[in-house]
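Visitor: sequence first, then the predicted structure, then my questions.
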Amino acid sequence: MPLSVDIKKKLGNFQLQVQFETETERLALLGVSGCGKSVTLRCIAGIIKPDEGKIALDGTILFDSAAKVNLPPQRRRVGYLFQQYALFPHMTAAQNIAAAVREHAKRKEIVNRLLRRFQLERAAGLRPGQLSGGQQQRTALARILASEPKALLLDEPFSALDSFLKYQLETELLDTLDRFSGTVLWVSHDQGEVFRNCRRVCVIEGGRSGPVQSLRELFHAPDTETAARLSGCKNYADAVPKGDKVYLPDWNLTLNCGRPVPDGVRRMGVRAHFVTPTEGQEENTFSCSVLRAVEDVFNTIVLLRPEGAEPDAPLLRMELEKMAWRAIQPKERLLVSICPRDILLFER
C-alpha cells in the first residue's frame, strides 16, 4: 500500500485514533471542524509525534513507536499544503520555490519550470504579502512539488478563498493532481468538494476514523448519522424498529424500510431530494402541511409538517427543481412518499 496509517495521539482531553490505507489515489478525510483531520495530517508529515502506532509510505517506515522510528519531516517525502499556505514572508515567490529544491545544481531550472507551469513568471519577484490568494496557493503548490514528494497532504485547500476564486483554483489544482503519481490526502468538511475531487473517503468522527469507502457507499449506506450529515443528508428523526418497518414517534408515522430493521436502530434519515410529491399510489405515502417554500439558486426547498406530527417535531425538508414546484397545485397540503430503499438507518 502506498500509504498506511495506524496511530493514536492524545492532546489534552482529545484522543485521536485513526487507521486507514490508501492506494495511489486521492483519498478524502471528511469530518466536522475539530474532529482530528488536521492532526492526522500533521502526524503523517512529522510535525506532531503520535503516542503509538505506525505510518508507512511507499514501503518506507515514517513512524513506528515499537521500533522507535520517527523520521524528521524533511526526510518523509511528504508535501503539506497548509490552510494558510505557510510561505516564507521575507522571500519572493521564486525564492520560496527554490528553498524546497533538493538538487542544488538544478535549482534554477526547476524553479523556472515550476514558475511557468503555475503561471507565476510575472509574480516571481513578489513576496507573499504582494500576491493574490490564488498566486499564494499556486506558489505553495509549486514549492511542494519542487521537493519531489511521494504524497500530498491538502488541508482544506480552499478555505482561505472566496467562492469565485475557489472554483477557478479547484480546476487548476485538479490539473496538477492529474499529473501527480503519488497518493493525495484531501482534508475537507465540504461534501461537494469531496464528491467532485475524490473517489474514496474516510470519515473521521470525534477523533476516530471509519472505514475507507467509495463515495457511492457513503451516499447510499453511511455508517453513522454524522457520516450521513457530512454527505449532505438533511432529514432525521427518532425511530423505533418494527420488523421491516420503523415507527417515527415525532411524526406519528410508520414507514416500510424494505428490509429487516436491526433492534439497535434508534434514528432514521432521508435525503431531501428523496422526499417526492405523489398522487398516493406509492409506498410510504403520507400527507403533510406546507409551512414554507424557499427559493434556492436552482431548486425550491419546501418545509413540511407531517399530518399528526408533534408540535415540536423536526420539519421534513423536500427539495425540488423550481419548475416542478411551480407545477404543483394547491400548495397548502401535499401527499409525499419516501421509497423504502432511500431510508437510512442508524444505531446510537
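Guide: Sure thing, it's come through. Every value quoted in this text rests on a predicted model; they were computed, and no experiment measured them. Residues are numbered from 1 along each chain as shown.
Visitor: tell me who's in contact with Phe219.
Guide: Shown in contact with Phe219 (Cβ atoms under 8 Å, 6 or more residues apart in numbering): 231-232. Using the backbone N, CA and C atoms, a C-beta is placed for each residue, glycine as well.
Visitor: begin at 42, not 1, for the rest of this chat.
Guide: Sounds good: first residue 42 from here, last item Phe260.
Visitor: can you tell me how far it is from Phe61?
Guide: 19 Å (Cβ to Cβ, to the nearest Å).
Visitor: got the phi/psi numbers for Val80?
Guide: As for Val80, its main-chain torsions (degrees, to the nearest 10) stand at phi -60, psi -40.
Visitor: ok, it touching Leu52?
Guide: Yes. Applying Cβ atoms under 8 Å as the test, Val80 and Leu52 come out as touching, 6.9 Å apart.
Visitor: between those two, who's got more neighbours?
Guide: Shown here are Val80 and Leu52; by other Cβ atoms under 10 Å, Val80 has more neighbours (21 against 12).
Visitor: wait, what's in contact with that one?
Guide: Val80 sits next to 50, 52, 55, 57, 89 when contact means Cβ under 8 Å, 6+ apart.
Visitor: which non-adjacent residue is nearest the last one?
Guide: Nearest-residue entry for Ile89: Arg83, 4.3 Å, with adjacent residues in sequence omitted and distances by Cβ to Cβ, 6 or more residues apart in numbering.
Visitor: pLDDT below threshold where in the stretch 192-341 of the chain?
Guide: 201-205 (pLDDT under 70).
Visitor: could you pull out the helices for it?
Guide: 204-219, 232-238, 256-261, 266-271 (DSSP state H, counting those that start in this stretch).
Visitor: most tightly surrounded among these?
Guide: For the helices of the stretch 192-341 of the chain, the largest average neighbour count (mean count of other Cβ atoms under 10 Å) is found in helix 266-271, namely a mean of 21.
Visitor: what is that helix packed up against?
Guide: Judged by 3 or more Cβ pairs under 8 Å, 6 or more residues apart in numbering; DSSP states H and E, helix 266-271 is in contact with strand 241-246, strand 306-311, strand 385-388.
Visitor: export those strands to a markdown table and tack on distance to Ser272 and mean neighbour count?
Guide: Formatted as a markdown table, the helices and strands packed on helix 266-271 follow (distance: least, Cβ to Cβ, whole Å; neighbours: other Cβ atoms under 10 Å):
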| stretch | distance to Ser272 | mean neighbour count |
| --- | --- | --- |
| strand 241-246 | 9 | 24 |
| strand 306-311 | 10 | 19 |
| strand 385-388 | 10 | 18 |
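Visitor: out of these, which is closest to Asn111?
Guide: Nearest of the helices and strands packed on helix 266-271 to Asn111, taken as Cβ to Cβ: strand 241-246 at 22.7 Å.
Visitor: got a list of contacts for that closest one?
Guide: 59, 61, 66, 68-73, 76-78, 81, 235, 250-256, 259, 263-265, 267-268, 271.
Visitor: on that earlier part again, in ChimeraX, select just the buried ones from the contacts of Val80.
Guide: Buried residues among the contacts of Val80 (16 or more other Cβ atoms under 10 Å), as a ChimeraX selection:
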select :50,57,89
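Visitor: so which of the contacts of Val80 are in strands?
Guide: 50, 52, 55, 57 (DSSP state E).
Visitor: which pair in those spans the largest distance?
Guide: Lys50 and Phe55 (8.5 Å).
Visitor: avg pLDDT for stretch 96-112?
Guide: Per-region confidence: stretch 96-112 scores 97 on mean pLDDT.
Visitor: next, the buried residues of that stretch.
Guide: 96-98, 103-106, 112.
Visitor: same deal with stretch 123-133?
Guide: 123, 126, 128, 132-133.
Visitor: could you do stretch 68-86 as well?
Guide: Quick answer for stretch 68-86 (16+ other Cβ under 10 Å): 68-72, 76-86.
Visitor: go on, stretch 361-370?
Guide: Buried residues in stretch 361-370 (16+ other Cβ under 10 Å): 361, 366.
Visitor: grab the most central residue of the protein for me.
Guide: Leu71 (3.5 Å; Cα atoms, centre = their mean).
Visitor: now do the same contact list for that one.
Guide: 78, 229-230, 232, 235, 242-245, 259, 271.
Visitor: identify the farthest-apart pair in the contacts of Val80.
Guide: Taking Cβ to Cβ, no two of these sit farther apart than Phe55 and Ile89, at 12.0 Å.
Visitor: ok so, going back, okay if I get the helices and strands packed on helix 266-271 as JSON lines plus distance to Leu215?
Guide: Shown next, in JSON lines, are those (distance: least, Cβ to Cβ, whole Å):
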{"stretch": "strand 241-246", "distance to Leu215": "16"}
{"stretch": "strand 306-311", "distance to Leu215": "31"}
{"stretch": "strand 385-388", "distance to Leu215": "30"}
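Visitor: for Ala141, find the nearest of those strands.
Guide: strand 241-246 (27.9 Å).
Visitor: quick check: neighbours of that closest one in the sheet, parallel or antiparallel?
Guide: Strand 241-246 sits in its sheet next to strand 67-71 (parallel), strand 249-255 (antiparallel), going by DSSP bridges.
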